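Visitor: after the sequence you'll find the predicted model.
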Amino acid sequence: MKIVVIGGSGLIGANLVDRLRRRGHDVLAASPRWGVDTLTGEGLAEALIGAQVVVDVANSPLFEDGAVLEFFETSSRRLLAAEDAAGVEHHVALSVVGSDRLPQSGYLRAKMAQERLIKASGVPYTILRSTQFFEFIGGIIQAGTEGDVVRLSPALLQPIAADDVAAALADLAVGPPLNGTVEVAGPEALPLDELARRAMAVNGDGRQVIADVHARYFGAELDDASLTPGAHPRLGPTHFHEWLERASTPT
């Protein structure tokens, strides 16, 4: 089966390409780096020739509210139209758990716009909503830094290893379209401020972490339901402490 991975050079995309190739599929890793640009349409029609499945894990290079919305709307429209013309049988997209619950976040509003375009396109689809990746905890800490302290919400997250997200996407890509949404999360829910303390301790970062219920998470205030999955999500097997141990071990 020919599978095209849009965003195939990124954290999730590269992992997914490798997984699918090891399963014996003909996989094209597509990204602007390799001449396929969903924002401009460059190389898109050629990349989709003969493809049965497209997995879209591309992310916006800019995160200002207007720019991220333009990226997801424009790239999704171009990609879905090209898929329809090429006869693609299954569109798989990576989205975010909680996108429909945090309209204060420009990024999550853009992901919801992407989901609406997918559902209206007529191309059979599966949307995988994932919780936050372990790999992004450093960026969350940085975003919450104020001088010598880190101010973060104590709301629960149920974060997941990027490797486990790629595994879930690989399974969905080779299965039939669900024409619906699936959630994937890590095996345990932990307060965001506690996740930061654990990560900082492993890295020898002695700054104080302050739990603040009003601290914003990329523009939005959180509660325990904001970024945690609903009933019966798929659960990745990797625990945060296991991931921290591996991430901090010299190679």
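Guide: Everything's here; your move. Please read all numbers here as calculations on a predicted model, not as lab measurements.

Visitor: okay, now the unreliable bits of this structure?
Guide: For the chain, the stretches with pLDDT under 70 are 249-251.

Visitor: the longest helix in the protein is where?
Guide: Using DSSP state H, we find that the single longest helix of the chain is helix 65-86.

Visitor: any idea how far the helix or strand just after that helix is from the chain center?
Guide: Heading C-terminal from helix 65-86, the first helix or strand you meet, by DSSP states H and E, is strand 90-96. Here strand 90-96 is found 9 Å from its chain centre; the criterion is C-alpha atoms, centre = their mean, to the nearest Å.

Visitor: strand 90-96 - contacts with which helices or strands?
Guide: strand 53-56, helix 106-120, strand 125-130, helix 162-173 (3 or more C-beta pairs under 8 Å, 6 or more residues apart in numbering; DSSP states H and E). Bear in mind the C-beta positions are built from the backbone N, C-alpha and C, glycine included.

Visitor: put the alpha carbons of it into CSV.
Guide: What follows is strand 90-96, C-alpha atoms only, in CSV (Å, rounded to 0.1, in the frame of the first residue of the first chain):
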residue,chain,number,x,y,z
HIS,A,90,-8.2,7.3,3.7
HIS,A,91,-7.1,10.6,5.2
VAL,A,92,-5.6,10.3,8.7
ALA,A,93,-4.9,13.5,10.7
LEU,A,94,-3.2,14.2,14.0
SER,A,95,-5.1,16.7,16.2
VAL,A,96,-5.1,17.6,19.9
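
Visitor: mind listing what's buried in it?
Guide: 90, 91, 92, 93, 94, 95, 96 (16 or more other C-beta atoms under 10 Å).
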